[in-house]
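Undergrad: task: produce atomic coordinates for the following.
(chains A and B)
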Protein chains: 2
Amino acid sequence: MRDEFRIDLNIVSQLLVDMAEAIQVAMRQATKALLTADRRAAEGVIARDAEIDSIFRQVEERVCDLLARQAPVASDLRALITALHVAADLERMGDLADHVAKTAVRRHPSPAVPAELRGVFTEMSGVADRIANKIGKVLSKPDATLAAELEQDDDAMDELHRQLFGILLDDEWPYGVETAIDATLLGRFYERYADHAVNAGRRVVYLVTGETV
Amino acid sequence: MRDEFRIDLNIVSQLLVDMAEAIQVAMRQATKALLTADRRAAEGVIARDAEIDSIFRQVEERVCDLLARQAPVASDLRALITALHVAADLERMGDLADHVAKTAVRRHPSPAVPAELRGVFTEMSGVADRIANKIGKVLSKPDATLAAELEQDDDAMDELHRQLFGILLDDEWPYGVETAIDATLLGRFYERYADHAVNAGRRVVYLVTGETV
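TA: Alright, predicted model coming up:
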């Protein structure tokens, strides 16, 4: 029974690692689509969001199945509840990558992001990529130090988000309201992507150490 | 054991109903703060968000406790997992009301929403209020018909969201980028509030009927 539980729990963990990889690739490709008006890349992200949703449902089903069959308690129960929450955060990160890709498609063949904003979006996507990579590592091998780094990455994202508004609100902003609206929503998508990663990281730290970050 | 489970499950359900009431009041007051530059109302919403978060944690703790003590299966297990998901959606709806209130505070004593946008935000908040009310009713007494209405309410919200962009993108929009950024984010907060209500409603319908909406 115990061994069987371990094996099943490992399958759930592996599904979460798969999700983390998928949402990392999704945001990387969505950013590529956004910054280079690459419609094919964008459509790939949108198509593969269904795969991320499918892994999410597999996690839910396996967790419910394990709860019903094995009636775990204490740390085993906590691990399963954590898996549910983390899967929900990762699924949402996939949605946010999908939103970035859809913005690129909507503006195609024009680039959705003008030259003045490329720098800040390139940096935001760099932080997003680092965050997604770390959450994958933390899920493969729980590591409270690495998970704590996610908080700093999130601070870096918030700082970039402020920079973005600084550029949009500059008196010399030449692009008018439509581009500002797109940029506002895009900024929000990257920022929320980071927030969900931090949430997921906190859950894993709590699971491993019993302490809140 | 069975009776004890029913009693505990009822407590969880009541906590969810309490959350639904709290997030309805929160968005109502946040909108009041937004449209009338009422700083006191805004600060009340921000202060009470911690109470919503606290009920959320109570739901989580009670569900985990019930899973550990009673090892429910089948529909009882499904009810508890649904409660976790619904609580997460409601908690997020509270955050979104908090974001609206914070926007009102940031612009105080100026109104965050100019005259041209009052109509659409009044309508969006009306739909949000109807949605929050319905989700409270559905949680008190599961009702698939009422839950299905949430989908239509969400369509109405999406239509208002499109109207909002129509006003912002009109050539005669007189307020410049800063007000457009605020309005874009506010629109997104109301729209996400509705999305979470629909998610929660779908979970409840699935729980009651075994069918997805």
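Undergrad: for the rest of this, base every contact and every neighbour count on C-alpha atoms.
TA: Fine.
Undergrad: gap between A:Arg134 and chain B?
TA: Not quite, residue A:134 is Lys, not Arg. Going from A:Lys134 to chain B by CA to the nearest CA, to the nearest Å gives 24 Å.
Undergrad: separation between the residue positioned nearest the centre of chain A and A:Ile52?
TA: Taking CA atoms, centre = their mean, the centroid of chain A lies closest to A:Met93, which sits 3.3 Å from it. To A:Ile52, A:Met93 is 10 Å away according to CA to CA, to the nearest Å.
Undergrad: now the common contact residues for those two.
TA: Both A:Met93 and A:Ile52 are in contact with A:Ile23, where contact means CA atoms under 8 Å, 6 or more residues apart in numbering or on different chains.
Undergrad: quick revisit: got a list of what the residue nearest to the centre of chain A touches?
TA: Counting by CA under 8 Å, 6+ apart, A:Met93 has contacts A:23, A:192-193, A:196-197.
Undergrad: go again using 6 Å as the cut-off
TA: If you count contacts by CA atoms under 6 Å, 6 or more residues apart in numbering or on different chains, A:Met93 has them with A:Tyr193.
Undergrad: which ones are touching A:His108?
TA: A:His108 sits next to no residue when contact means CA under 6 Å, 6+ apart.
Undergrad: give the helix, strand or coil label for A:Ser110.
TA: Following DSSP: H, G, I helix; E, B strand; the rest coil, the label given to A:Ser110 is coil.
Undergrad: quick check: phi and psi at the nearest residue to it once chain neighbours are set aside.
TA: Sequence neighbours aside, A:Ala37 is the residue nearest to A:Ser110 in space, at 6.6 Å (criterion: CA to CA, 6 or more residues apart in numbering or on different chains). Dihedral angles of A:Ala37 (phi, psi; degrees, to the nearest 10) stand at phi 50, psi 50.
Undergrad: give me the neighbour count for A:Ala37.
TA: 22 (other CA atoms under 10 Å in any protein chain shown).
Undergrad: my guess is it meets A:Pro114, correct?
TA: No. The pair A:Ala37 / A:Pro114 is not scored as a contact, 11.0 Å apart, by CA atoms under 6 Å.
Undergrad: for B:Gly176, see how far away A:Met171 is.
TA: In this structure residue A:171 is Asp, not Met. In terms of CA to CA, A:Asp171 sits 10 Å off from B:Gly176.
Undergrad: okay, these two: which has more neighbours?
TA: B:Gly176 (13 against 9).
Undergrad: for chain A, see how far away that one is.
TA: Counting by CA to the nearest CA - B:Gly176 and chain A are separated by 7 Å.
Undergrad: B:Leu66 is in contact with A:Val73, correct?
TA: No. Checked against CA under 6 Å, the pair A:Val73 and B:Leu66 is beyond contact range at 10.2 Å.
Undergrad: so which residues on chain A come close to chain B?
TA: A:68, A:71, A:73, A:177 (CA under 6 Å from any CA of the partner chain).
Undergrad: got the angle for the helix or strand hosting the last one vs helix B:176-209?
TA: In the assignment (DSSP states H and E), A:Val177 maps to helix A:176-209. If you take axes from the mean of the first three to the mean of the last three CA atoms, to 10 degrees, helix A:176-209 sits at 50 degrees to helix B:176-209.
Undergrad: now helix A:176-209: buried residues?
TA: By neighbour count on 16 or more other CA atoms under 10 Å in any protein chain shown, the buried set for helix A:176-209 is A:177, A:180-207.
Undergrad: in chain A, what spans have low per-residue confidence?
TA: Residue ranges of chain A with pLDDT under 70: A:1, A:211-213.
Undergrad: ok, 80 please
TA: Residue ranges of chain A with pLDDT under 80: A:1-2, A:209-213.
Undergrad: all strands of it, in order?
TA: Using DSSP state E, no strands are found in chain A.
Undergrad: helices along that one, start to end?
TA: A:2-36, A:39-70, A:74-107, A:115-140, A:144-169, A:176-209 (DSSP state H).
Undergrad: for these, give me TSV that also has distance to B:Asp8.
TA: Compiled in TSV, the helices of chain A are given as follows (distance: least, CA to CA, whole Å):
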stretch	distance to B:Asp8
helix A:2-36	27
helix A:39-70	18
helix A:74-107	18
helix A:115-140	33
helix A:144-169	34
helix A:176-209	25
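Undergrad: give me the neighbour count for the residue lying closest to A:Pro72 once chain neighbours are set aside.
TA: Spatial nearest neighbour of A:Pro72, chain neighbours left out: B:Ala68 (6.8 Å); criterion: CA to CA, 6+ apart. Using other CA under 10 Å as the criterion, B:Ala68 is surrounded by 18 other residues.
Undergrad: so what secondary structure elements neighbour the helix holding A:Val177?
TA: Helix A:176-209 is packed against helix A:74-107, helix A:144-169, with contacts defined by 3 or more CA pairs under 6 Å, 6 or more residues apart in numbering or on different chains; DSSP states H and E.
Undergrad: and among those helices, the most buried is which?
TA: Mean neighbours per residue, mean count of other CA atoms under 10 Å in any protein chain shown, is largest over the helices and strands packed on helix A:176-209 for helix A:74-107, with a mean of 22.
Undergrad: and that helix, how far from the chain's centre?
TA: 6 Å (CA atoms, centre = their mean, to the nearest Å).
Undergrad: quick check: angle from it to helix A:115-140?
TA: Using the same axes, to 10 degrees: helix A:74-107 against helix A:115-140 is 160 degrees.
Undergrad: run the angle between helix A:74-107 and helix A:39-70 for me.
TA: Counting by the same axes, to 10 degrees, helix A:74-107 lies at 160 degrees to helix A:39-70.
Undergrad: relative orientation of helix A:74-107 and helix A:2-36 in degrees?
TA: Computed by the same axes, to 10 degrees, the angle between helix A:74-107 and helix A:2-36 is 20 degrees.
Undergrad: what's the closest of the helices of chain A to B:Asp155?
TA: The closest of the helices of chain A to B:Asp155 is helix A:74-107. By CA to CA, the value is 18.5 Å.
Undergrad: alright, I will stop here.
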